[in-house]
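Asker: Curious how this folds, go ahead:
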Amino acid sequence: MLACFAGQFDAVKLLRANGAKYDDYDRGGSTPIHWAVDGGNTRLIEWIIKDGADVNLKDHSHGWTPLIRCGRYQHIPVLVFVSLC
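Answerer: Okay, the predicted model is just below:
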């Protein structure tokens with residue numbers, strides 16, 4: 001999840017190749033795509049979505065999807081991108 005937040009594309013690919021899942025939640029209730037959105041990493045988010053992440057997963061703390069978090073944290077480029085998915 002930290003790799004997603006930091007936009008570490010190669011690390012995320014490696015983790016996925018070794019079984020990391022997009023629907024795993026951290027202790028705070030967020031998924032890797034939530035972390036990527038919070039980090040504003042459009043290129044990584046695009047890849048994550050194409051790789052099968054569900055953009056409709058809700059976090060467990062507020063019930064927010066990645067799109068809602070985009071609006072909340074004012075990541076306008078990410079908001080536009082995710083809304084098109």
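
Asker: C-alpha only now, for contacts and for neighbours.
Answerer: OK.

Asker: any idea which element the residue nearest the centre of the chain lies in?
Answerer: Central residue of the chain (Cα atoms, centre = their mean): Ile33, 1.4 Å from the mean position. Following DSSP states H and E, one finds Ile33 within helix 32-39.

Asker: how far out from the middle of the chain is that helix?
Answerer: 3 Å (Cα atoms, centre = their mean, to the nearest Å).

Asker: who's sitting farthest from the centroid in the protein?
Answerer: In the chain, the residue that sits farthest from the middle, by Cα atoms, centre = their mean, is Asn18; the gap is 18.2 Å.

Asker: Show the contacting residues for the residue nearest to the centre of the chain.
Answerer: Ile33 makes contact with 4, 22, 45, 48, 53, 55, 66, according to Cα atoms under 8 Å, 6 or more residues apart in numbering.

Asker: Can you read off the pLDDT for it?
Answerer: Note for Ile33: predicted pLDDT of 92.
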